[in-house]
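# make a model of this:
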Amino acid sequence: MEQIKKQQIINTAMRIFKEKGYFAASMQDIAEACSMAKGSIYKVFPSKEDLFTGVFTFVHHTMFEQARELDRSLRLAGDPPKEILRRKIEFQLQYMLENHFFTSEFKELPITANENFQVEWKKKRAAFLTWHRDCFYEAYCD
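As a prediction, this is how the structure comes out:
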């Protein structure tokens, strides 16, 4: 039940942040859109920064899961390595366009000072670098 509630908050917050932007979105807006008391959201996410970090983490986790599924399906289809690379790049660009609010660099947002966000941002960056290296290696070195 708690995981369902957390996911509902994340999905709603993602929509509100996209619609209003980080600064204009309030925890009250998100609580009302979730049909919850604001205090219920604070029990799951102690601050707006923690909630944004949760959404950021979810967006990137989802992207990497979908990328792994794409990779499996392309390999099963027997696509050549360079076609797999092309499709992965196309997938990443499309996903980032659709979720641009959560895939930018955030230089102008105060969230960059949040320790939890910094940790998640560094994990995301490392995962992207590894994924890109592996994609190119598989296409050109195998």
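
# what's the closest non-adjacent residue to Lys88?
Spatial nearest neighbour of Lys88, excluding adjacent residues (C-beta to C-beta, 6 or more residues apart in numbering): Cys135 at 5.4 Å. The C-beta positions use only the backbone N, C-alpha and C, and glycine is treated the same way.

# help me confirm that the one you found comes into contact with Arg86.
No: counting by C-beta atoms under 8 Å, Cys135 does not reach Arg86; the two are 9.9 Å apart.

# tell me which of those two has more neighbours.
A direct count of neighbours by other C-beta atoms under 10 Å for Cys135 and Arg86 places Cys135 higher, at 19 against 15.

# check which helices and strands the biggest helix by length in the chain sits against.
The helix spanning the most residues in the chain, taking DSSP state H as the definition, is helix 48-76. With contacts defined as 3 or more C-beta pairs under 8 Å, 6 or more residues apart in numbering; DSSP states H and E, the secondary structure elements packing on helix 48-76 are helix 2-24, helix 27-34, helix 81-98, helix 100-103, helix 115-140.
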